[in-house]
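Task: produce atomic coordinates for the following.
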Amino acid sequence: MADSLRQRFLDICRFKRSGDLCLLAPWLNDFWMETPDVWVSKGAPAELADPHTLRDYFQFERIRVLREVQTGLYMDKRLDVLGRNYVYSIPPIIPTYEVRMLGEDEHTLSLINEGGQTVRIDKRDPQKMPMYLGHPVKDRATWQEYKTRLNPLSPERFPADWEAYAARMNAKEEPLLLNVGSFFGFLREWMGLEPLLFALHDEPAMIEDMMDTLCAMEMVCITKALGKVRVDGAMFWEDMAFKTGPLISPKMFRQFMMPRYKRITDLLRSKGVDIIFVDSDGNLNQLIPLWIESGINFFWPLECAAGNDAVALRKKYGHDAILGGNIDKRILLKDRDAIREEVMTKIPYLLETSGYFPSVDHFVPPDVPFENFVYFINTMREVAGLPPIKGSKA
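Numbers count the residues shown, from 1 in each chain. This is a model prediction of the structure:
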């Protein structure tokens, strides 16, 4: 009997399996919402319009993130804007804010979303990042009000049928990941980037309280979740870097984040969870050693435009770093020779050394031609000794 996907995932993460092409979806291999529709409108197979048959078409393998356990971001909040989706994520606050429309003009709509952020949305393209006009945490007083929404014992944090839900998840054959939250990322969503950066310097006691509150909530939820569900990995979300480096200094990372990370990662490892992922855009080269020291060992998406190099990272960190992504999505706009070079300079080495899950360095945008993406997938399958995806031309 072939190994289960769950066992393959664990073996790859633990460097026990080389040469295995494991294309996980929707966690790593996913698309901008409009990408499949654009492809279908230009003649691609109609089955791509459905997320489930799309994954089947590309022979992606499914990994499940336990989004029903509200410790991490609510990833799928959507609001209809003139028939199109404004999609946004909010930290795990209970209760959420009531959505309130504030006004609109010819091209924009202003509102307060469920996370308490005041935003201005472009009605022509509501999926792109909105303009942030305000955030719910402005000072110590507003933090005290917001803090009441982070009670770890709120019953809504877990499915109402918790025992039955746990049994259903434990019966799954795919790997299960628990979203365990964030520190910098959540505070940025609460305060806005610039106010947060000032507060790290000017209001360190308030920042410590915010991170301690998060850490305490996350630990209670993790303990409850792991008491019932067989979890294969944990995931943080941070987005705390830009094109050339981190948004805070290593000194601040060590002061504010590392002690809380260690509490979470020590708890996870004490329960047998040793695959701990972080999703952060930007240049991660200064952050990866700090995350490794904090107990985190899996890094994605390793954006190429921000100077990340998965081959160099593998050579530097060896088995201390599980890697995902780092296929330059910009290359998929070019010709087949460029796509092939991108794959061949990275994928053979990374698959052979193991501990790597291929994907583009974030979601696939709609301007990537369908034929180019198919060629990219088939080139990787060729490296792994697999036939082309059904119905496609190599």
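
make it CA atoms for all contacts and neighbour counts henceforth
Noted.

show me the contacts for the residue nearest to residue 287 when sequence neighbours are not counted.
Across the structure, with CA to CA, 6 or more residues apart in numbering as the measure, the residue nearest residue 287 apart from its sequence neighbours is residue 246 (6.8 Å). The neighbours of residue 246, taking CA atoms under 8 Å, 6 or more residues apart in numbering as the test, are 240, 282, 283, 284, 286, 287.

Most neighbours of all these, which one?
Neighbour tally across these (other CA atoms under 10 Å): the maximum, 28 neighbours, falls on residue 284.

got the phi/psi numbers for it?
Summarising the backbone geometry of residue 284 under the convention degrees, to the nearest 10, its torsions are phi -100, psi 10.

cool, and residue 61?
With angles defined as degrees, to the nearest 10, residue 61 shows backbone torsions of phi -110, psi 140.

helix/strand/coil for residue 76?
Following DSSP: H, G, I helix; E, B strand; the rest coil, the label given to residue 76 is strand.

in terms of contact, does it touch residue 91 like I think?
No: Residue 76 sits out of contact with residue 91 when judged by CA atoms under 8 Å, with a separation of 11.5 Å.

Can you pick out the residue with more neighbours from the two?
residue 91 (22 against 11).

Is that one in contact with residue 116, as I believe?
No: applying CA under 8 Å as the test, residue 91 and residue 116 come out as separate, 10.2 Å apart.

quick revisit: put together CSV for the contacts of residue 246, with distance to residue 309, pLDDT and secondary structure on each row.
As requested, the contacts of residue 246 are arranged in CSV below (distance: CA to CA, whole Å; pLDDT from 0 to 100; DSSP: H, G, I helix; E, B strand; the rest coil):
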residue, distance to residue 309, pLDDT, secondary structure
240, 18, 96, coil
282, 12, 96, coil
283, 10, 97, coil
284, 10, 98, coil
286, 13, 97, coil
287, 14, 98, helix
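
Quick check: buried residues in the helix-or-strand element of the chain with minimal mean pLDDT?
Across the helices and strands of the chain, mean pLDDT, DSSP states H and E gives its lowest value to strand 74-81, namely a mean of 78. By neighbour count with 16 or more other CA atoms under 10 Å, strand 74-81 contains the buried residues 74, 81.

after it, next one along is what?
Sequence order places strand 84-90 as the next helix or strand after strand 74-81, per DSSP states H and E.

Give me the mean pLDDT for that following strand.
Taken as a whole, strand 84-90 has a mean pLDDT of 83.

repeat for stretch 179-190
Per-residue pLDDT values across stretch 179-190 average out to 95.

Alright, that wraps it up for me.
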